[in-house]
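S.K.: Predicted coordinates and the sequence they were generated for:
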Amino acid sequence: QPDEGTRVIEWAARSFARAAFVTYEQVHPNDPFGQMMVQNIRARGCPLLALEQYPDCPAQTQRYLLSGWEACESTTMRELDARQEEG
């Protein structure tokens, strides 16, 4: 259930005065790659329960902020890779 993952995010926000939370979430389920990813994962019996509710980085950011985090930065792997190449 999507709410179970959110409860873990809320717990971490309440439990630690200073923390970083790194997660690897699937995003963009409606682009061609995302559609194939969702189809393949569902075929293996592993539905992505929170993907519809949190389909992109802005939605993930809001999830964390509404769960008690003071700040949140969400990025795609493609954006992160571009940053590494620049730096």
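M.R.: Here it is on my side, so go on. Numbers count the residues shown, from 1 in each chain.

S.K.: Now name the helix or strand holding L80.
M.R.: Secondary structure from DSSP states H and E places L80 in helix 77-86.

S.K.: model confidence over the helix or strand G34 falls within, on average?
M.R.: Assigned by DSSP H and E, G34 falls within helix 32-43. For helix 32-43, mean pLDDT rounds to 93.

S.K.: Which is the succeeding secondary structure element to that helix?
M.R.: Later in the chain than helix 32-43, the nearest helix or strand by DSSP H and E is helix 57-66.

S.K.: re the thing from before, what's next to the helix holding G34, contact-wise?
M.R.: Here helix 32-43 makes contact (C-beta atoms under 8 Å, 6 or more residues apart in numbering) with Q26, V27, H28, P29, P47, L48, L51. All C-beta spots, glycine's among them, are computed from the backbone N, C-alpha and C.

S.K.: Most widely separated two among these?
M.R.: Greatest spatial distance in the contacts of helix 32-43: H28 and P47, 16.6 Å, computed using C-beta to C-beta.
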